[in-house]
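Visitor: Just to be clear, the model below is a prediction. Sequence and coordinates:
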Amino acid sequence: MTSEELRKLLGQTPFRPFIVRTADGHETRVSHPEAMGYEGRIATYIHPTGGVEIFDLFLVSSVLVDVPGEPTASPAQPDAEDNGD
């Protein structure tokens, strides 16, 4: 991912939350555009709880943008119907 691509995501009007997935499978949900900043290839995300996450944009493997009216499903989460029986 480039800083230009991130700028476009953060500047959407209206803003649409998105999930950033890094090469190691870690996912970060960006729910507000002012919670994330970037400089060059480094991005900083401030979690609603106050925690800070810093990552390299070159290590972002995919971005999932929320579609209005549709639930966002993360491939990293188990299927709700799978009860282990």
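Guide: It's in.
Visitor: Flag the shaky bits of the protein, pLDDT-wise.
Guide: Within the chain, the segments meeting pLDDT under 70 span 67-85.
Visitor: Apart from its chain neighbours, what residue comes closest to residue 28?
Guide: Counting by C-beta to C-beta, 6 or more residues apart in numbering, residue 28 lies nearest to residue 20, which is 4.9 Å off, once chain neighbours are set aside. The way it works is simple: take the backbone N, C-alpha and C, and place the C-beta from them, glycine included.
Visitor: ok, which stretches of the protein are strands?
Guide: Secondary structure of the chain by DSSP state E: the strands cover 18-22, 27-30, 36-39, 42-46, 52-56, 60-65.
Visitor: among these, which is the most enclosed?
Guide: Greatest average neighbour count among those goes to strand 18-22 (a mean of 19), per mean count of other C-beta atoms under 10 Å.
Visitor: about what we covered before: list the contacts of the residue nearest to residue 28.
Guide: 1, 27-28, 30, 43, 45, 55, 60, 63 (C-beta atoms under 8 Å, 6 or more residues apart in numbering).
Visitor: Kindly report the same for residue 61.
Guide: Residue 61 is in contact with 21-23, counting by C-beta under 8 Å, 6+ apart.
Visitor: ok, residue 11 touching residue 33?
Guide: Yes: counting by C-beta atoms under 8 Å, residue 11 touches residue 33, with 7.2 Å between them.
Visitor: okay, these two: which has more neighbours?
Guide: Ranked by neighbour count (other C-beta atoms under 10 Å), residue 11 and residue 33 place residue 33 first, with 16 against 9.
Visitor: Against residue 23, how distant is that one?
Guide: Note on residue 33: its distance to residue 23, by C-beta to C-beta, to the nearest Å, is 24 Å.
Visitor: What of residue 37?
Guide: As judged by C-beta to C-beta, residue 37 and residue 23 stand 21 Å apart.
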